[in-house]
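Chemist: for reference, the sequence and a predicted model appear below.
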Amino acid sequence: MKRNILITGGAGFIGNHVVRLFVNKYPEYHIINLDKLTYAGNLANLRDIEGMPNYTFVKADICDYEVIKKLLAQYEIDGVIHLAAETHVDRSIKDPFVFARTNVMGTLTLLQAANEYWESRPEGYEGKRFYHISTDEVYGALELTDPEGIESPFTTKASSAEHHHAYGREFFLETTKYNPHSPYSAAKAGSDHFVRAFHDTYGMPTVVTNCSNNYGPYQFPEKLIPLFINNIRHRKPLPVYGKGENVRDWLYVVDHARAIDVIFHRGRVAETYNIGGFNEWKNIDIIKVLIKTVDRLLGRPEGADNDLITHISDRKGHDVRYAIDSRKLKDELGWEPSLQFEEGIEKTVKWYLDNQEWMDNVTSGDYQRYYVDMYKGR
């Protein structure tokens, strides 16, 4: 079946993997990638598919209501996968207005434009879907517990969900009450509520997912894993908030893209699905793994760069622990992570070490000049 799918934020970290998957897997679909190309958007991430006949890039702001309305009609969009968002917590603390505008008003703009366009069609909502990608941070924070017999890192195996629950470890469920603690998570929570409200008010076919921390190729190096890989390579300090005991659940980005594919096509309307890896690590432990892996791959003695770890003052409102329970997704739709963490982090470190030109272009800002002339004025 031919479909016309609008993917927002498709030049970003998670977005480029979703766009690539859909373009390659579904040649009968027309994939329209809409991205404003802020600092986090990089068209160089998509060079391998930019010439594909079923792919179109459009430079636009999701807050521009008139532009969004025209795009939906021009390309006869029947599905929206909404990834575009401001995501960096530190930036949200410095400038929360940008996060409220993009994450809340941008999502509302897309919802209203899609709702008006789909309601104007003879078939109405039939065959339509608005899929909104959110974060585990909207749920707030969990207790940091370390039951006897489970040492940190808590797990490196994606099959360990039953092991965790056997010890009574608490997880975020789809029914967990929202309790955001940062301007970023508050803005994402607001956008989530608008998506659900459009289903309840208008009957729009929506679905929401909340995912844990992603890692993998093409991640902007303000985030922990690519930043630290690059710093270790160049023997720069590794700034660690507090004692580094904050815990996050890590998910390989390609597995997240696979989950989005499954949920977009087979997820139930008006449902929420959590996407996680059952793969919890304290920040300090994942940093030590990165040091060990980078040093090994660069031929350095083990532990040669441990002295780069530099403890700094903790972030304001720093949540202690996030952990996603994604058993609903596994039970209903059969999805589960394909990689154990050892394999995923090895692939990730190798990618960044093998793609130093990409990293240099991003850290220098040169990437922002990619295709400037081609897309100027669009």
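Modeler: Now that the structure is in, tell me what you want to look at.
Chemist: only C-alpha atoms from now on, for both contacts and neighbour counts.
Modeler: Fine.
Chemist: mind checking the SS state of Leu290?
Modeler: The local conformation at Leu290, judged by DSSP: H, G, I helix; E, B strand; the rest coil, is helix.
Chemist: measure it to Pro337 for me?
Modeler: 21 Å (Cα to Cα, to the nearest Å).
Chemist: neighbour count: these two, which is higher?
Modeler: Pro337 (24 against 20; other Cα atoms under 10 Å).
Chemist: now do the contacts for the more buried one.
Modeler: Contact analysis of Pro337 by Cα atoms under 8 Å, 6 or more residues apart in numbering lists 158, 251-252, 255, 277.
Chemist: export stretch 335-342 as PDB, just CAs?
Modeler: Listed next in PDB are the C-alpha coordinates belonging to stretch 335-342 (Å, rounded to 0.1, in the frame of the first residue of the first chain):
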ATOM      1  CA  TRP A 335       9.400  -6.200  19.900                       C
ATOM      2  CA  GLU A 336      12.500  -6.500  22.000                       C
ATOM      3  CA  PRO A 337      16.000  -5.100  21.800                       C
ATOM      4  CA  SER A 338      18.200  -7.000  19.300                       C
ATOM      5  CA  LEU A 339      21.600  -6.100  20.800                       C
ATOM      6  CA  GLN A 340      23.100  -6.800  24.200                       C
ATOM      7  CA  PHE A 341      24.800  -3.700  25.500                       C
ATOM      8  CA  GLU A 342      28.400  -5.100  25.000                       C
END
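Chemist: in that stretch, what's buried?
Modeler: Buried residues in stretch 335-342, counted by 16 or more other Cα atoms under 10 Å: 335-341.
Chemist: quick one: the strands in the stretch 251-378 of the chain?
Modeler: Here the stretch 251-378 of the chain has its strands, by DSSP state E, counting those that start in this stretch, at 272-275, 280-282, 309-312.
Chemist: quick check: which ranges of the chain have low pLDDT?
Modeler: 145-168, 370-378 (pLDDT under 70).
Chemist: isn't Val89 right up against His181?
Modeler: No. Using Cα atoms under 8 Å, Val89 is not in contact with His181, being 10.2 Å away.
Chemist: any idea which helix or strand carries Glu76?
Modeler: Glu76 belongs to no helix or strand when assigned by DSSP states H and E.
Chemist: pretty sure it contacts Leu6?
Modeler: No. Using Cα under 8 Å, Glu76 is not in contact with Leu6, being 9.6 Å away.
Chemist: tell me the buried residues in the helix or strand harbouring Leu111?
Modeler: Using DSSP H and E, Leu111 falls within helix 106-120. Across helix 106-120, burial judged by 16+ other Cα under 10 Å covers 106-111, 113-115, 117-118.
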